[in-house]
Structure formats: C-alpha cells, structure tokens
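Asks: test case, fold it:
(one chain, ligands or ions: 1)
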Amino acid sequence: MSDLEKKSIDPATISMLKKAAADGCETIFDRAESMKPCPIGAEGSCCKNCAMGPCRVPAPKKKDASGDKAKRTGLCGATAETISARNFARMVAAGTAAHSDHARGVAEVFLAAAKGEIKEFSIKDEQKLYQVAADLEIEIGERSIQEIAIEVGRKAIAEFGRQEGEILFTKRAPAKRQDIWRKLGVVPRGVDREVVELMHRTHMGVDQDYKSILTAAARCALADGWGGSMISTDLQDILFGNPVPVLGEINLGVLKKDHVNVVMHGHEPLLPEVLVSVVNAPEIQQAAAAVGAKGINLVGMCCSANEILMRHGLPVAGNFLQQELAIVTGAVDAMVVDVQCEMQSLAQVAKCYHTKLITTNPRAKIDGALHMEFDEHHASDVAKTILLEAVSNYKNRKPNIDIPSNTTDQVVGFSYETINYLLGGVFRASYRPLNDNIINGRIRGIAGVVGCNNARVTHDDPNLTLIKELIKNDVIVLASGCAAMTCGKAGLLTPEAAKAYAGSGLASVCEAVGIPPVLHMGSCVDNSRILMAATAVVKAGGLGDDISDLPAAGAALEWMSEKAVAIGHYFVASGVYTVFGVTWPTTGSDEVTKLLFEDFENTFKGKWGFEADPLKAAKLMIEHIDKKRKALGIDKARERVLFDMAKRREIEAA
Ligand code: NFS
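Replies: Residues are numbered from 1 along each chain as shown. This is a model prediction of the structure:
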C-alpha cells in the first residue's frame, strides 16, 4: 500500500492530495503525520479543569507487583475514574450544545417565518406540522395553519429553557423505554438545563462519583437526541419539506470548470435553502454570464450538503476530510460556511488558490475569512450578495485548476416517514413489512452507521468496510452524516447496490421495495430520524417492546467530534449497542470503561463498545443482533433460511 493509499480509499481524495503536494499547500493529512496525538489526553487521563493542573494520571503500563493498581489522583484527589468520566461527560455536553444551539437557531427562524416575518420561508409540510403539534401537546381543532405553527415555534423554543418536567418528545419513545428512563431519573428536563448542569457537575470539586457523572451525561445526551436534534430535524422538515427519495451525485467531480462554483459547508440548512432559491434570479445569472461563466454551480459539503441533497438533490462535493481538497481543485470561487466541522485551515488553503472563504454566522468567525452575516430578515439580499461575491471572484482563478472526474450517483432522502410509505404504501403506511422480514430472517437486523471522518485512520475505509460487511450479512444499514457520504461515493446508495453487495435475503427485500441496502437518512442532527425509525419498528409489533429488544446496533468507526460522543451516548441511553472506532476516550480508567461497556447494559439496556478493526466491529454488531434474535425467539427462522440440502435431509430424516 502506498503512503497515499493509507490516507484515503477515495481516488478523488488521493488525486487532490497529490495536487496539494505539487502546489505546496499543506492539508490535514500532512499535519496528521507531523503531529501525533497526546497519549494521555487520548485515554482521558488529563484533567485541566482547574489551574492547579493540568494533572496527568495515565494508566500504568503494568500493574505493580502486588497486583494492586497504583493510586492515581490529581492534586485535589480526583481519581482517574472521576477525571476520565468528567472528560467524557464534557464531550457529551459540548456535542449536545452544538446540536441544540443549531436547533434553537432553526426554531427562532421557524417562529419568525410562522409569524410571516420572513418572506423566504413558509410551512411546506402541513402534515408534519400537525404531527409535531400533536406531539408538543398543542390543540389543533379549527385553528389555522399559522396559529398552529406559531405555537409550535413557541413551544419548541420553550423546550430549551424548560426548567422542570420532561422534554415533550421523550414521550415519543416506546413506553417501556420511558419507564427505564424515569426509574433511572434521566428523563431530561430542558435542553439548556441539562448542558449547564453537566458543566457544573464536572467543574472542580462537584460530582466525584464516576457512575453519577455518566448517568447525568446520559440525561444530557437524551436532551440532544430526543430534544435538540429532534426539534431541529422536525422543524426543518416542516419549513423545507420532509425528504423523499431523490437522485443526487457525490464527489469532487461535481465541481464544474466553466461555472462559478459555490460550496455550502457547515450544518444549518437556512442560508443554503435561500441560496438555492435565488441562484436562478436573472440578475445573478446575468452577472455570471458577464464574467464568462456558464452559470453558478451550487454544491454542498459535510452536513449542509446532506440537508440540501435530501431536499433538493443538489450535488455533494464530499465529506469532512475533503473540505480542504475542494479548494485544492482551484475551481471553488467561494466556500460559504456557517457552523461546525469547518477546519480553521480552510483560510490557509484558500490562500494557496483564489477561493473566498466566507463566514456567515455570528457564532463562527474565522481569522482571514470574509464575514458576510446571514440575517434571516434580509435572507434573499444576503444570499444574492454572497453569490455576486463568488461571481466576482471567478476572474481571479489561477491556471492550476484540476477537478477530479469522480462522481457517483446516489438515491437519498429516506426520512423515517418515507420509509413508512415505501414499505406499506400510501394507504397502508407501516413498518410492519420491515418487521415481517426481520422476523422471517430475510433481514437479519438493523444497523445505524453514522458520524465523521478522522485523519488518524484511512479516510472512508473503516466505515465502508464495516457497512459492506453488514449488508453482506443481511443487515440493513441506516446511515447519516459523513458515513452516508462514504456510501454514496462507493455506490452503495442505489437500488442496484442491493444485488451487488447485499446478502440474498436483504437483496430480495430491497429489490421488491426498490430501495438501496443502505438508506441515507440525512445529516447528523437527523440521527433523531434513526431513533424514530427504531421506535416505529418497536410499535409495529413482533420485535419486543423496547428499542433494546430490537436486533439492532449502531456504529461510528471514524468519529472525531464531541457531537459524535453525544450521539453515541444518546443511542446507548436509548437501548442501543453502539461501537466506536479510532480510539476510545476512557481507556485511562478500567472502571469507567467497564461501566460504559458492560454495566450500562443492566441499567440502560444499551452499552458502548470499541473496535477499530471494521471487520471485527461488524462481527460484534452481528453477534449482538443474533443475541437479540435469539431472545425474541426468531433465531430459528433465520437458520432455516440458511440451511443447505444436507442439513434439510438431516432434519427430514429425524
Ligand atoms: Ni456529524 Fe462529525 Fe461533521 Fe456531519 Fe461529518 S464530521 S459528528 S457527520 S459533517 S456533523
């Protein structure tokens, strides 16, 4: 394997890495070689929560001769367990804050749009508005759409500052799941409250019992999955439309040499939606023609790409580790960013070429970027100004343009409601056909594979290897975020992929329904769709009465962000076995790791796992799925599917 092949399995990425090297432009892939991670921080054994530290309490290389572990504490006496748990919990708090602050922004715009204050946005999905209103305990009666929408906006915003009671969407979970949460005292009150409390608990000298810290972290994570993230997905669906299957294209080859290329990168779909709506305005198209361009090519990057792909089929330039490389093509006239997953190095890479890096959100400025703030009350004007800025930059392109030819078709847009329709038809929409196929063994189980890329592992390789192994073993995969983009690039998001890659059972179901073996469910906040899909499967019957009963598992083998830890923790706290790769952030404490990997199964009925090797991770997930099948008494059905002739004769003779 060449050095470049160790960096990525994606040919477009490799060719742009060669170009970056030739152009003398440094990328994250170079820095990953020159800077190694701190081993003490990586295992969660560094406490910098006060100025007496940082205190480092690394796990001893060997146990001491007596077999006792050396006592490891910080200056204040905080044990390695407390330090490890606190560090983990703070990742959960930060991740929850990120998703939820995104959600708050969406909720504020939603309310303003409902009041008629933002002309660019209106209620697109009335059906979903009614559903969400019912779940927020809003009376519908004879009220107008506008009245209902205003109350939905107000109540959604109130969920962030709620001081007591329960976040309303937690009532969407299966009844048994709610009981488990109530018994453990982890039903989240308000989103902000849980984040604030977790930051308080992990301050110097507060909660110093690792079990208590990690239970509180679960409460906070649930405020993300069943609170912030879910509010975000639902309100975005109402405003911009609930995704339905749509054909799209992915990889750096979507950039066009003869067009003004504008990359929308980040997370909130607000500005991208307006860019899409104004891009064909005559004055914008005329401006593009005047500089000699054939038009404006709007493409997405990272989770903004997922949002705009799911609802409009817009092309996707790539996932997290490709953000710098889009600029390296030399053909990006503007990269427009809002919040999250935007590397500061974009400003440096942009300097190697002609690209204008434009920040648009008051919460996320980058030194060296041009700041053009998105104000939703003047949404179209701001969007047009941004596009004209990109157009005016077209003439500044340097001669070193090279766009890889790689693009792949993908069918995306599988919201949980859409899966419902596809399986049962418009008049009998239901998850029951999926359950039946799980019960009869054609589908062995369900896996959610989500999350980031990570420059410490070969780009796209762990996720792709894992997912191929899962579908080969008849496990249907629900994917989101950068992991879903990996599947898109590899051609797994087409109905034809079922025949090529899936086991015969899964392939037969996919062919009958006309769906890919991997269903792209959206961006990272849309992991809430996976929670809803899992709940719908429970409610459809025949597979137990809780999410933890399902033959299902989750994974994020290329995770890197704090948001991924929040997501993983809410999956676990919702009853899902969830496997992470790359590195595990509590290896500094055996006790903390044991609590998360084993003991949580007794309380939350879900647990964490760690496995960097994707084939071994697949094995762990499939074993878990089989264990759940056995507990449900449906393991035999599947065995019959797999019996060969010799075995059949044996049975018949018996
Ligand atoms: Ni989610 Fe990771 Fe970022 Fe999206 Fe990609 S890196 S946690 S997948 S873009 S949020």
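
Asks: is the most centrally placed residue in the chain in a helix, a strand, or coil?
Replies: Note on the chain: the residue nearest the mean C-alpha position is Cys524, at 2.4 Å, using Cα atoms, centre = their mean. For Cys524, the secondary structure call by DSSP: H, G, I helix; E, B strand; the rest coil comes out as coil.

Asks: got a list of what it touches?
Replies: When contacts are counted by Cβ atoms under 8 Å, 6 or more residues apart in numbering, Cys524 touches His99, Ser229, His267, Cys303, Val450, Gly451, Ser480, Gly481, Lys563, Ala564, Ile567. C-betas here are computed from N, CA, C, even on glycine.

Asks: so what's the residue count around the third one?
Replies: What it means is His267. By other Cβ atoms under 10 Å, 29 other residues sit near His267.

Asks: ok, it touching Val339?
Replies: Yes: with contact defined as Cβ atoms under 8 Å, His267 and Val339 form a contacting pair (5.6 Å).

Asks: residues shared between the contacts of these two?
Replies: His102.

Asks: contact partners for Glu273?
Replies: Glu120, Phe121, Leu239, Phe240, Ile308, Arg311.

Asks: just checking, next helix/strand downstream of the one helix or strand it maps to?
Replies: Using DSSP states H and E, the element containing Glu273 is helix 270-278. Later in the chain than helix 270-278, the nearest helix or strand by DSSP H and E is helix 282-290.

Asks: confirm that Ala447 sits in a strand.
Replies: Yes: assignment of Ala447 by three-state DSSP places it within a strand.

Asks: my guess is it contacts Asp474. True?
Replies: No: contact criterion Cβ under 8 Å: Ala447 and Asp474 do not qualify, at 10.8 Å.

Asks: neighbour count for the two, which is higher?
Replies: Between Ala447 and Asp474, counting by other Cβ under 10 Å, Ala447 is the more crowded of the two (30 against 27).

Asks: so that one bridges to which residues?
Replies: Val477, Ala553 (DSSP bridges).

Asks: give me the element Asn87 is part of.
Replies: Asn87 belongs to helix 80-114, assigned by DSSP H and E.

Asks: which neighbouring elements make contact with the following helix or strand past that helix?
Replies: Remark: after helix 80-114, the chain's next helix or strand is helix 126-135, criterion DSSP H and E. Secondary-structure packing of helix 126-135 (3 or more Cβ pairs under 8 Å, 6 or more residues apart in numbering; DSSP states H and E): helix 145-161, helix 229-240.

Asks: identify each buried residue in the longest one, please.
Replies: If I follow you right, that is helix 145-161. Ile148, Ala149, Ile150, Glu151, Val152, Gly153, Lys155, Ala156, Ile157, Glu159, Phe160 (16 or more other Cβ atoms under 10 Å).

Asks: just those now: which is nearest the ligand?
Replies: Distance to the ligand, by Cβ to the nearest ligand atom, is smallest for Phe160 among these, at 19.9 Å.

Asks: surely the closest one touches Arg104?
Replies: Yes: taking contacts as Cβ under 8 Å, Phe160 lies within contact range of Arg104: 5.5 Å.

Asks: that older thread, I'd like the buried residues of helix 145-161 laid out as a markdown table, including distance to the ligand.
Replies: Below are the buried residues of helix 145-161 laid out as a markdown table (distance: Cβ to the nearest ligand atom, whole Å):
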| residue | distance to the ligand |
| --- | --- |
| Ile148 | 31 |
| Ala149 | 28 |
| Ile150 | 30 |
| Glu151 | 30 |
| Val152 | 25 |
| Gly153 | 25 |
| Lys155 | 26 |
| Ala156 | 21 |
| Ile157 | 23 |
| Glu159 | 21 |
| Phe160 | 20 |
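
Asks: of those residues, which pair is most distant in space?
Replies: Ile148 and Phe160 (20.1 Å; Cβ to Cβ).

Asks: where does this protein dip in pLDDT?
Replies: Along the chain, segments meeting pLDDT under 70 span 1, 62-70, 424-428, 639-654.

Asks: please repeat the previous calculation with a cut-off of 90.
Replies: For the chain, residues meeting the criterion pLDDT under 90 lie at 1-5, 53, 59-71, 119-120, 376, 415-433, 636-654.

Asks: near the ligand, which residues of it show up?
Replies: 302-303, 319-320, 340-341, 451-452, 481-482, 524, 561, 563-564 (Cβ under 6 Å from any ligand atom).

Asks: and if we set it to 5 Å?
Replies: Cys302, Cys303, Phe320, Cys341, Cys452, Gly481, Cys482, Cys524, Ser561, Lys563, Ala564 (Cβ under 5 Å from any ligand atom).

Asks: closest to Ala334 among those residues?
Replies: Cys302 (15.8 Å).

Asks: what's near enough to touch that closest one?
Replies: Neighbours of Cys302 in contact, by Cβ under 8 Å, 6+ apart: His265, Gly266, His267, Asn319, Phe320, Gln323, Cys341, Glu342, Cys482.

Asks: with Tyr416 instead?
Replies: Met521, Arg529, Ile530, Met532, Ala533, Ala536.

Asks: could you do Glu126 as well?
Replies: Glu126 touches Ile145, counting by Cβ under 8 Å, 6+ apart.

Asks: which of the contacts of Tyr416 tops the neighbour count?
Replies: Met521 leads these on contacts (other Cβ under 10 Å) with 30 neighbours.

Asks: what's the distance between that residue and Leu493?
Replies: 11 Å (Cβ to Cβ, to the nearest Å).

Asks: overlap in contacts of those two?
Replies: What both Met521 and Leu493 touch, as defined by Cβ under 8 Å, 6+ apart, is the set Ala484.

Asks: grab the nearest non-local neighbour of Thr465.
Replies: Using Cβ to Cβ, 6 or more residues apart in numbering and skipping residues adjacent in sequence, the residue nearest Thr465 is Pro614, 3.8 Å away.

Asks: for Lys356, phi and psi?
Replies: With angles defined as degrees, to the nearest 10, Lys356 sits at phi -90, psi 120.

Asks: and it, bridged to which residues?
Replies: Here Lys356, judged by DSSP bridges, has bridge partners Ala334.

Asks: okay, domains of the chain per the record?
Replies: 11-56, 80-240, 252-396, 413-632 (automatic domain parsing).

Asks: ok, how many other residues are close to Gly53?
Replies: Neighbours of Gly53 using other Cβ under 10 Å come to 17.

Asks: tell me which residue in the stretch 451-600 of the chain sits closest to the ligand.
Replies: Counting by Cβ to the nearest ligand atom, the stretch 451-600 of the chain gets nearest to the ligand through Gly481 (2.6 Å).

Asks: how much space separates that residue from Phe414?
Replies: Counting by Cβ to Cβ - Gly481 and Phe414 are separated by 14 Å.

Asks: between those two, which is the more surrounded one?
Replies: Gly481 (34 against 28).

Asks: phi, psi of the closest residue to that one other than its chain neighbours?
Replies: Closest residue to Gly481 apart from its sequence neighbours, by Cβ to Cβ, 6+ apart: Cys524 at 4.4 Å. Dihedral pair for Cys524: phi -70, psi -40, per degrees, to the nearest 10.

Asks: distance check, Cys524 against Leu620.
Replies: 23 Å.

Asks: now Met521
Replies: For Met521 relative to Leu620 (Cβ to Cβ), the value is 22 Å.
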